[in-house]
Each structure stands twice: as structure tokens, then as C-alpha cells.
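1. Have a look at this prediction, sequence included:
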Amino acid sequence: MTNYLDFEKPLAEIEGKAEELRALARANAEMNVDSEAAALDAKAAEMLRDLYKALSPWRKCQVARHPERPHCRDYIDALFSDYTPLAGDRAFGEDNAVMGGLARLNDRPVMVIGHEKGNDTKSRIARNFGMARPEGYRKAVRLMQMADRFGLPVITLVDTPGAYPGKGAEERGQSEAIARATETCLTIGVPLVSVIIGEGGSGGAVAFASANRVAMLEHSVYSVISPEGCASILWKDAEKMREAAEALRLTAQDLTRLGVADRVINEPLGGAHRDPSNTIAAVGKAIEAMLSELGKKDRAALIKDRRDKFLRMGAKGLAA
């Protein structure tokens with residue numbers, strides 16, 4: 001059963017009618033609905049193209065948050081072999097919102113780290129909806145330092161509304177843990193590439209995405225604050241999230257023009273959730289391409305490349 005977003009309701013009606021016709025045909029072998037169903041399919045395909053040809057920033061936020069969008073675990077299962085998960089920060093405990101471990105990408109040893117939101121109610125609660133606690137960021141620091149020690153490229157998959165803002169997380173040093181993770185990203189001497197696969201929210205995303213190369217899926221978003229949070233602060237009204245989304249310049253297209261992201265990975269028509277396998281394959285190709293770009297750089301050059309990238313950021317200005 002497809003989960004339709006609010007702006008997709010007209011599409012849901014047409015696709016629903018086509019499925020009703022096919023269900024009647026399955027129940028009655030003498031009924032032939034092929035032509036009618038095909039006409040509805042053609043109308044639905046045209047409507048899907050019209051809906052997605054120029055999505056507003058707020059609609060992109062909705063697509064980025066779609067519950068059926070492929071998550072970190074899906075990418076790890078499909079793209080990496082010999083994945084060996086590593087747990088714990090050696091200080092407090094394990095954080096299920098952050099996945100990470102040793103793996104092979106096309107037989108090349110790598111370290112992969114990412115936020116995992118979960119795909120049903122039980123797993124979303126267990127994964128804290130992808131909102132990492134301090135121990136998650138400290139685990140990421142441990143894994144990045146391990147990768148640096150053994151000369152392994154680091155791949156991060158970002159999909160989080162932001163770091164967990166709860167009392168316990170603050171008591172255990174949430175801001176310090178995020179800062180340490182960001183610092184580690186900037187100082188390791190191995191290739192670091194990051195892909196925003198859904199939401200890239202606030203410092204919780206920056207702590208994984210301070211990379212040599214940052215790619216974004218076509219309908220992903222990356223921002224210092226959510227549109228709802230921004231609207232609540234600026235206008236004292238969370239319902240002004242559409243205006244906030246426009247002002248935040250959070251889309252992959254805007255951020256590439258501004259020099260924050262390095263490349264946009266195209267998604268299938270209708271978003272990644274309509275064709276997860278092709279989306280995952282496209283992300284895999286982008287990761288390989290980014291690692292290839294960095295392959296000939298030595299330790300000093302990789303660190304300088306990363307430093308220069310972030311010092312240049314914002315130089316293009318909002319007129320870009």
C-alpha cells in the first residue's frame with residue numbers, strides 16, 4: 001500500500017481507481033479492463049511528472065521524510081559486503097540511531113557510518129527516529145579514528161531530523177560530542193565522502209557530513225534547522241513552515257549552487273521511495289566516483305582539500 005503525501009492526493013485517486021479496476025478483473029475472469037486501466041495509468045504518469053517537475057522546497061521536505069524512502073540499513077545491505085557492525089562508544093553505551101562498521105565496497109575495505117531511522121513503529125522507537133545521542137557521535141568518532149589508523153576511506157550516510165535534544169543527552173554532553181565528531185571529520189587523513197539520503201538536520205548532520213565530498217539525493221534536504229523550527233522562532237507560528245523552507249535554501253539544487261554540496265544524485269520520478277533499488281544503485285555509483293576523485297591525494301592533501309572546501313563555503317553568496 002503506497003503512502004501518499006498531501007500534495008499527491010489527486011494522484012492517489014487515479015492510481016486507486018486503476019487498482020480497483022484490476023481487482024474487479026481478478027475477481028471476474030470474464031471482465032477485461034486492460035484499456036481502461038492503461039488509460040488511468042497514462043493519466044497518473046502524466047500527473048506524477050507534473051507534480052515532480054518543479055517541487056517547492058516544502059514539498060521536497062515532505063518527500064525527504066517519506067516513510068518508505070530507503071534508509072541507511074537498506075544502503076548498507078545493498079551496496080556493501082562483509083559488513084561487520086561495531087557498537088558502543090567505550091564510555092557510556094550503544095546508540096541504535098547510529099549504524100557503523102567495517103565493510104567492503106566493490107571489494108575495497110571501507111568504514112561506513114550512518115543515521116538509521118527505522119522502517120516501522122517498533123524499529124523507529126528503537127532507533128530514536130534517527131536522532132543520535134552523544135554516545136552515537138562518540139561511536140562515530142571512534143570509528144573514524146579507527147579508519148584513519150588503518151587507512152580506510154570513510155563513507156557517511158546522513159538521514160536525521162537533528163541530534164536528540166533530550167535532558168539525558170544534554171547531561172551527557174550532546175554539543176561537545178557533536179563538536180568532537182565534526183572536528184574528527186575535518187582532521188582525519190583518509191578520504192571522507194558523505195551522502196545526504198533524506199534529511200540533513202542541523203549539527204547532527206554536520207557532524208557526519210564535514211567531508212571532502214558531499215552529495216545529495218535530488219529530493220533530500222540539508223539545513224541548520226527544520227522549517228517548522230525556523231517558523232516557530234521567527235514567526236512564532238510553525239504553520240509558516242512553507243515560507244521558512246523557501247528562505248532556508250535547503251534543497252540539493254540550492255546547496256549545490258551555493259557550494260555546500262558537490263553533486264546532486266538524480267532520483268526516480270516520484271522520489272526514491274518509488275524505486276529504491278535504482279536509487280541505491282545511483283548512490284553507489286556516486287560514492288565510487290567521489291572516492292575515485294580523492295584516490296590520488298595523500299594525507300596532507302586530503303586534509304587541506306577538506307579545509308579549503310569549508311573555508312570557501314558561502315563565498316558564492318545568496319545571489320548564486
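-> Sure thing, it's come through.
2. residue boundaries of the helices in the stretch 151-300 of the chain?
-> For the stretch 151-300 of the chain, helices defined by DSSP state H, counting those that start in this stretch occupy the ranges 167-171, 174-187, 202-209, 227-234, 241-248, 252-257, 276-294, 299-312.
3. List just the one of the ones you listed that sits closest to residue 38.
-> helix 276-294 (23.2 Å; Cβ to Cβ). (Glycine included, C-beta is placed from N, CA and C.)
4. who touches that closest one?
-> 69-70, 74-75, 78-79, 105-106, 108, 153, 155, 191, 193, 195, 197, 212-213, 215, 217, 262-263, 265-268, 272, 302, 305 (Cβ atoms under 8 Å, 6 or more residues apart in numbering).
5. and the closest residue to residue 8 other than its chain neighbours, what is it in contact with?
-> Among residues not flanking residue 8 along the chain, residue 51 sits closest, at 6.6 Å (Cβ to Cβ, 6 or more residues apart in numbering). Neighbour list for residue 51: 7, 8, 11 [criterion: Cβ under 8 Å, 6+ apart].
6. Show the buried residues in these.
-> 8, 11 (16 or more other Cβ atoms under 10 Å).
7. how close does the most centrally placed residue in the chain get to residue 266?
-> Closest to where the C-alpha atoms of the chain average out (Cα atoms, centre = their mean) is residue 197, at 2.1 Å. For residue 197, the distance to residue 266 (Cβ to Cβ, to the nearest Å) stands at 13 Å.
8. Overlap of the contact sets of the two?
-> With the criterion set as Cβ under 8 Å, 6+ apart, the contacts of residue 197 and residue 266 do not overlap.
9. sorry, back to before: buried ones among the contacts of helix 276-294?
-> 69-70, 74-75, 79, 105, 153, 155, 191, 193, 195, 197, 212-213, 215, 217, 262, 265, 267-268, 272, 302, 305.
10. Go through the contacts of residue 51 and flag which are in strands.
-> Using DSSP state E, no member of those sits in strands.
11. Reformat the contacts of residue 51 as JSON lines; add distance to residue 87.
-> Below are the contacts of residue 51 laid out as JSON lines (distance: Cβ to Cβ, whole Å):
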{"residue": "7", "distance to residue 87": "40"}
{"residue": "8", "distance to residue 87": "38"}
{"residue": "11", "distance to residue 87": "42"}
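12. Let me have the contacts of residue 51 in a markdown table, extended by pLDDT and distance to residue 168.
-> What follows is these, written out as a markdown table (pLDDT from 0 to 100; distance: Cβ to Cβ, whole Å):
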| residue | pLDDT | distance to residue 168 |
| --- | --- | --- |
| 7 | 89 | 37 |
| 8 | 87 | 38 |
| 11 | 87 | 42 |
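13. Strands - which of the contacts of helix 276-294 land there?
-> Those of the contacts of helix 276-294 lying in strands (DSSP E): 105, 108, 155, 193, 195, 197, 213, 215, 217, 263, 265.
14. Can you tell me which of those residues is nearest residue 169?
-> Using Cβ to Cβ, these come closest to residue 169 at residue 197, 23.1 Å.
15. Residue 221 versus that closest one, what's the distance?
-> Relative to residue 221, and taking Cβ to Cβ, residue 197 is found at 11 Å.
16. Which pLDDT value belongs to residue 235?
-> At residue 235, the model reports a pLDDT of 92.
17. list the contacts for it?
-> Contacts of residue 235 (Cβ under 8 Å, 6+ apart): 243, 244.
18. let's see 6 Å
-> By Cβ atoms under 6 Å, 6 or more residues apart in numbering, the contact set of residue 235 is empty.
19. Could you report the neighbour count for residue 34?
-> 10 (other Cβ atoms under 10 Å).
20. Roughly how far does it sit from residue 22?
-> On the measure of Cβ to Cβ, residue 34 and residue 22 end up 9 Å apart.
21. Next: residue 171.
-> 55 Å.
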